[in-house]
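Visitor: need the 3D shape of this:
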Amino acid sequence: MAKVLVVEDEDATRVMLERQLTWAGYRVRAASSAEEATAVLDGVFTPDVVVTDMFMPGGSGLGLAGTLRAHSSFADLPVVFLSGRALPGDVDAGRSLGATFLAKPCTLADLARAIDAATGVDGIELEDVVRRRLGDVAGVGEEAERALTARLLRTFILTAPAVLTTLEGAARRADAAGLEAAAHRLAGAAATLGADALAAACRALEERGREGDVADVAEQVRALAEQVARILEVFTGLAEELEEDALVEDEDSPAP
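Guide: Residues are numbered from 1 along each chain as shown. Predicted coordinates for the structure are as follows:
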């Protein structure tokens, strides 16, 4: 994955961006000012893209982008601007430097898409898609969020196989109502946890059940079962990662 330099003067926002982008699979270094970012760039970290607040005390993101464009080593380094108060002229100034602009607040998925577009990434793996959606819909910024997200993933891991078995049985019996109900349940759980492709496949089955169109539905259910197997593998790995992260942070916390 891409290496990202995050430049943000507000501490909580900087930590949140660093954690979310790390969770999404990027290698991240953070700086609290344009001056610190310049020092980082002149040091050991060579990013593939810079994500920077447009306005910061002591040196703006626009100024940082201008400095990069004048530097022989970083003239082509992609820049993504974040701002909640940029005027049209500010946006135009950023784009004139070849930068991308996103309005604050933006979702992790939107930011990841901007980073991927800036760095020329054409496609992402299933795990990366789920990571990004989970970062938005469930949360990974705080220890309590990570613990809760891990529990939600574990709940899906435990319940999805039984729902799938019910779905397969309904398909064998040509039970339209049973097919609709099981597909609806699985679709809702998948969507909540960011498995959008699985949710869409479940909704297609749910619609067939609602319309009573259950002839030759077994092949569609088999394809769905393959998707569920892949999602279970991804969810298991992510749950273990979240649980380990929460445990490490808890162990590092000072005793009361």
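Visitor: any low-confidence regions in the stretch 1-150 of the chain?
Guide: Applying pLDDT under 70 to the stretch 1-150 of the chain flags the ranges 86, 123.
Visitor: quick one: the strands in it?
Guide: Here the stretch 1-150 of the chain has its strands, by DSSP state E, counting those that start in this stretch, at 3-7, 27-31, 49-53, 79-83, 100-103.
Visitor: how close does the nearest residue to Ala117 once chain neighbours are set aside get to Arg173?
Guide: Of all residues not flanking Ala117 in the chain, Thr100 sits nearest, at 7.2 Å (C-beta to C-beta, 6 or more residues apart in numbering). For the C-beta atoms, the positions are set from N, CA and C on the backbone; glycine is no exception. Relative to Arg173, Thr100 is positioned 52 Å away (C-beta to C-beta, to the nearest Å).
Visitor: show me which of the two is the more surrounded one.
Guide: Shown here are Thr100 and Arg173; by other C-beta atoms under 10 Å, Thr100 has more neighbours (19 against 11).
Visitor: hang on, the residue nearest to Ala117 packs against Pro78?
Guide: Yes: Thr100 is within contact range of Pro78, at 7.4 Å (criterion: C-beta atoms under 8 Å).
Visitor: common neighbours of those two, please.
Guide: The contact sets of Thr100 and Pro78 overlap at Ala118 (C-beta atoms under 8 Å, 6 or more residues apart in numbering).
Visitor: give me the helices and strands touching the lengthiest helix in the chain, please.
Guide: Longest helix in the chain, counting residues (DSSP state H): helix 218-252. Helices and strands touching helix 218-252, by 3 or more C-beta pairs under 8 Å, 6 or more residues apart in numbering; DSSP states H and E, are helix 126-137, helix 143-173, helix 196-211.
Visitor: report the buried residues of the shortest one.
Guide: What that stands for is helix 126-137. 127-137 (16 or more other C-beta atoms under 10 Å).
Visitor: save the residues you listed as TSV, and put in distance to Leu68 too.
Guide: Output for the buried residues of helix 126-137, formatted as TSV (distance: C-beta to C-beta, whole Å):
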residue	distance to Leu68
Glu127	31
Asp128	27
Val129	30
Val130	33
Arg131	28
Arg132	26
Arg133	31
Leu134	32
Gly135	27
Asp136	29
Val137	34
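Visitor: buried set for stretch 152-168?
Guide: 152-154, 156, 160, 163-164, 166-168.
Visitor: contacting residues around it?
Guide: Contacts to stretch 152-168, defined as C-beta under 8 Å, 6+ apart, come from residues 138, 178-179, 182-183, 185-186, 189-190, 192-193, 205, 221, 224-225, 228, 231-232, 235-236, 238-239, 242.
Visitor: how far away from the center of its chain is stretch 189-199?
Guide: The chain centre lies 13 Å from the centre of stretch 189-199; the measure is C-alpha atoms, centre = their mean, to the nearest Å.
Visitor: now do it: distance from first to last residue.
Guide: 8 Å (C-alpha to C-alpha, to the nearest Å).
Visitor: ok, residues contacting that stretch?
Guide: 126, 129-134, 136-138, 152-153, 156, 159-160, 163, 186-188, 202, 224, 227-228, 231, 235.
Visitor: now do Ser73 against Ala30, distance only.
Guide: Taking C-beta to C-beta as the measure, Ser73 falls 20 Å from Ala30.
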